[in-house]
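Peer 1: The sequence and its predicted three-dimensional model are supplied below.
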Amino acid sequence: MNKFYITTPIYYVNDRPHLGHAYTTLLADALKRWQSRRNKKTFFLTGTDEHGAKISQSAKKAGKAEKEFVDEKANNFKEIWKKLNIKYDNFLRTTNTRHILAVQKAVQYLKEKGFIYKGYYQGLYCPACEQYKVPDDLIDGKCPDHQITPQILQEESYFFKLSQFEKVIKEKILSGEFLILPEERKAEVLAFINKGLKDVSISRKNVSWGIPLPFDKNYTLYVWIDAFLNYLTGLGWLGLSGQKPDFFPPDLQLMAKDILRVHATIWLALLLALKLPLPKKFFVHGYFTVNGQKMSKSLGNVIWPEDLIEKFGVDGTRYLLLSSLSYGQDGDITWERLTEKYNADLANNLGNLVSRVVKLDQKSKIKYQKGISETKNNEIKKLFEEIKPKEILEKIWQEITFANKYIEEKKLWELVKTNPKKGKKVLNEIFSLIFEIANLIEPFMPDTSAKILQQLQTKKSQILFPRIK
Ligand code: MSP
């Protein structure tokens, strides 16, 4: 299929976008750009999750009406994505009227078909996660993410028949029809499903900031159902079962491990109930920590993307973030290490390569030839399929290091004077290599890529990345 639909989670608006959110969204942007370059028709969806008790509480705390609060917060996300040169195709907000109407239509259908029924729920509820917890999730009786002791919540409620889909979901995961990367995450989901999937409560009685259930206005819809359907409404879906919008299903859905389980169960079950195809692939990345600690506002160690941009520039930030998590692992960030990496990889390795060769040759026409071997290119292509941005960048940087070494070995700056013919030949090789490198880095650093290509053409050397302290 010649299309590529990629999604990020829609982020809660009670948080200011931090580098964790930025990572997922940048990764989506880079993968979309890569697929576009391969002539795929691409669609990249992101957005914000704006309903629920927690958001309503945050609005009250800020002394604002919910609508005003979410408008402002959603804008913060849009602004920072713009600064980071992230080019999404749609930004879906769950307070959007069309989304709400489609969600209501879908929920009405699920009720009519018997996938939603009324029952009674009692469970351990973590208000910060907006999720019921099972005892196995807790550490010392507390939610491990929020250090809150979940309270027993009892209410009459509507349920979604998740249990009914247990077998099919398991089969689809086992058969590989639907992929979860990395493998360990897939194993984790299967272990979770093997314990048995219970029906989930999908209505809330005392939460007014949400989508009213179309068949019982005393309730609003559980935020996760509202949120999952964004992956459909973001493509213009009107809430009808069996009606697949253009680009659906997602070819790739990105998320961190915090929200994998709900995606791999409730989201898939919703699709099965709505007679829609399942996504092809989930890619689940790790968490960022700062100096070995979880990033959190209370610890005061949150790194904001704006701070990174101020120090490293847009492409510097894009490069540093996308090269910082190893496949499936958590990754630790320190300002010292980021600065070192920026200076070594960008200011020195890449920056020097471009400026020194551009300075060496002011007039001759370049005859582009093959620079990077077919094998290397195929390796990079494979790494893109496997969603390994850090490893891709390492591969590209091997080429940059090679090019610099080659210049040294050939003493190119002397060669162009002592043996202009030979010098010209080597220069041509290096220019060709740089040309290919500039193309390869485009998904990660679009502006830098364009600047390098421009310098190759105009032979006007400009500093790409100034050294910083
Ligand atoms: N609103 C839900 C998602 C609904 S999707 C249908 C939600 N929002 S969230 O704001 O908490 O975003 C979670 C996501 O943000 C993670 O899955 C990940 O993509 C990103 N990250 C948030 N913190 C992160 C780190 N510390 N490290 C890496 N990614 C992080 O859950």
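Peer 2: Received it, and whenever you're ready, just let me know what you need. Numbering: from 1, shown residues only.
Peer 1: and this protein, which of its residues are near the ligand?
Peer 2: Residues of the chain lying near the ligand by CB under 6 Å from any ligand atom: 9-12, 15, 20-21, 23-24, 49, 227-228, 230, 255-256, 258-259, 287-288, 295. (Each C-beta comes from the backbone N, C-alpha and C, glycine too.)
Peer 1: and the residues you listed, which are buried?
Peer 2: Burial by neighbour count, 16 or more other CB atoms under 10 Å: within those this picks out 9-12, 20-21, 23-24, 49, 227-228, 230, 255-256, 259, 287-288, 295.
Peer 1: Sort out which of those are in helices and list them.
Peer 2: Judged by DSSP state H, these include 20, 21, 23, 24, 227, 228, 230 as members of helices.
Peer 1: Nearest to residue 469 among those residues?
Peer 2: residue 23 (25.1 Å; CB to CB).
Peer 1: Now the closest one. Nearest residue, chain neighbours left out?
Peer 2: Excluding its sequence neighbours, the residue lying closest to residue 23 (CB to CB, 6 or more residues apart in numbering) is residue 321, at 5.3 Å.
Peer 1: so who does the one you found touch?
Peer 2: The neighbours of residue 321, taking CB atoms under 8 Å, 6 or more residues apart in numbering as the test, are 19, 22, 23, 26, 308.
Peer 1: among these, who's most crowded?
Peer 2: Counting neighbours by other CB atoms under 10 Å, residue 22 leads those with 27 neighbours.
Peer 1: ok and the residue in this structure nearest the ligand?
Peer 2: residue 20 (2.3 Å; CB to the nearest ligand atom).
Peer 1: My guess is that residue contacts residue 286. True?
Peer 2: No. Applying CB atoms under 8 Å as the test, residue 20 and residue 286 come out as separate, 10.0 Å apart.
Peer 1: Spit out the residues that contact those two alike.
Peer 2: Listed as contacting both residue 20 and residue 286 by CB under 8 Å, 6+ apart are residue 256.
Peer 1: which one of the contacts of residue 321 is nearest residue 452?
Peer 2: residue 26 (19.8 Å).
Peer 1: Against residue 243, how distant is the closest one?
Peer 2: For residue 26, the distance to residue 243 (CB to CB, to the nearest Å) stands at 32 Å.
Peer 1: Please apply the same query to residue 313.
Peer 2: Distance, residue 313 to residue 243, by CB to CB: 44 Å.
Peer 1: hang on, the earlier thing: in contact with the residue of the chain closest to the ligand, which residues?
Peer 2: By CB under 8 Å, 6+ apart, the contact list for residue 20 reads 256, 287, 288, 295.
Peer 1: swap the cut-off to 10 Å and go again
Peer 2: When contacts are counted by CB atoms under 10 Å, 6 or more residues apart in numbering, residue 20 touches 11, 256, 258, 285-289, 295, 302-303, 305, 321.
Peer 1: One more: residue 167?
Peer 2: Residue 167 makes contacts with 193, 197, as judged by CB under 10 Å, 6+ apart.
Peer 1: Quick check: phi and psi on it?
Peer 2: The phi/psi pair for residue 167 (degrees, to the nearest 10) reads phi -60, psi -50.
Peer 1: and residue 217, that one's in a strand?
Peer 2: Yes. Counting by DSSP: H, G, I helix; E, B strand; the rest coil, one finds residue 217 located in a strand.
Peer 1: and residue 351, what pLDDT?
Peer 2: pLDDT for residue 351: 96.
Peer 1: To clarify, my last question referred to residue 16.
Peer 2: Residue 16 carries a pLDDT score of 91 in this model.
Peer 1: That one and residue 75 touch, don't they?
Peer 2: No. If you go by CB atoms under 10 Å, residue 16 and residue 75 don't touch, sitting 11.4 Å apart.
Peer 1: of the two, who's got more company?
Peer 2: More neighbours surround residue 16 than the other of residue 16 and residue 75, with 16 against 12 (other CB under 10 Å).
Peer 1: now this structure, which segments are flagged as low pLDDT?
Peer 2: For the chain, the stretches with pLDDT under 70 are 1, 362, 364.
Peer 1: hey, where'd the strands end up in the stretch 251-400 of the chain?
Peer 2: Assigned by DSSP state E, counting those that start in this stretch, the strands in the stretch 251-400 of the chain fall at 252-256, 281-285, 288-290, 293-294, 331-333.
Peer 1: Tell me how far the last one lies from the chain's centre.
Peer 2: Put plainly, it is strand 331-333. Relative to the centre of its chain, strand 331-333 is centred 17 Å away, using CA atoms, centre = their mean, to the nearest Å.
Peer 1: Buried residues of it, list them for me.
Peer 2: For strand 331-333, by 16+ other CB under 10 Å, it's 331, 333.
Peer 1: Start at 25, not 1
Peer 2: New numbering, starting at 25: the last item is strand 355-357.
Peer 1: With adjacent residues omitted, what lies nearest to residue 54?
Peer 2: Leaving out its chain neighbours, residue 54 is closest to residue 467 (CB to CB, 6+ apart), at 4.2 Å.
Peer 1: Also residue 58?
Peer 2: Nearest-residue entry for residue 58: residue 467, 4.4 Å, with adjacent residues in sequence omitted and distances by CB to CB, 6+ apart.
Peer 1: Could you do residue 46 as well?
Peer 2: Distances taken as CB to CB, 6+ apart place residue 329 nearest to residue 46, at 4.4 Å, with adjacent residues excluded.
Peer 1: Tell me how many other residues surround residue 49.
Peer 2: Around residue 49 there are 25 residues (other CB under 10 Å).
Peer 1: Contacts only, for it.
Peer 2: Taking CB under 10 Å, 6+ apart, we find residue 49 in contact with 32-33, 35, 41, 68, 70, 101, 104-105, 108, 110, 112, 278, 329, 345.
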